[in-house]
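S.K.: Provided below are the primary sequence and the corresponding predicted coordinates.
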Amino acid sequence: MSNFVDRFKMEGFNTDLRLRYRINDKLTLTSNLAYYFDPFNFGYVDTYNDTYLMGGRKTNTYITQLSARYILKTICLLH
């Protein structure tokens, strides 16, 4: 099995882009876009007649994220 895996081993890549926008001293917006590419994701597929079937797949993963952060101070809340 080691020869099989070495034959199909390929290098994937990933990239991330993060933007941060500070609206004021208390509010910040952050946007994140990520892309991951794996040309041969190796793993278990099924069992057939007591034999394990292994296979590979090409994966493209996109992740998008938007977040906001607001800062509250306890001094402001007490007044």
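M.R.: Noted; the coordinates are in hand. Numbering: from 1, shown residues only.
S.K.: quick one: residue 12 and residue 42 touch, right?
M.R.: No. Using Cβ atoms under 8 Å, residue 12 is not in contact with residue 42, being 11.9 Å away. Where C-beta positions appear, they are placed from N, C-alpha and C, glycine not excepted.
S.K.: all strands for the protein, in order.
M.R.: Taking DSSP state E to define them, one finds strands in the chain at 13-22, 27-48, 51-70.
S.K.: of all the ones you listed, which gets the most neighbours per residue?
M.R.: strand 27-48 (a mean of 13; mean count of other Cβ atoms under 10 Å).
S.K.: Pairing partners for that strand, with directions?
M.R.: strand 13-22 (antiparallel), strand 51-70 (antiparallel) (DSSP bridges).
S.K.: Output the ones you listed as JSON lines; include the columns distance to residue 33 and mean pLDDT.
M.R.: Shown next, in JSON lines, are those (distance: least, Cβ to Cβ, whole Å; pLDDT from 0 to 100):
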{"stretch": "strand 13-22", "distance to residue 33": "5", "mean pLDDT": "92"}
{"stretch": "strand 51-70", "distance to residue 33": "6", "mean pLDDT": "90"}
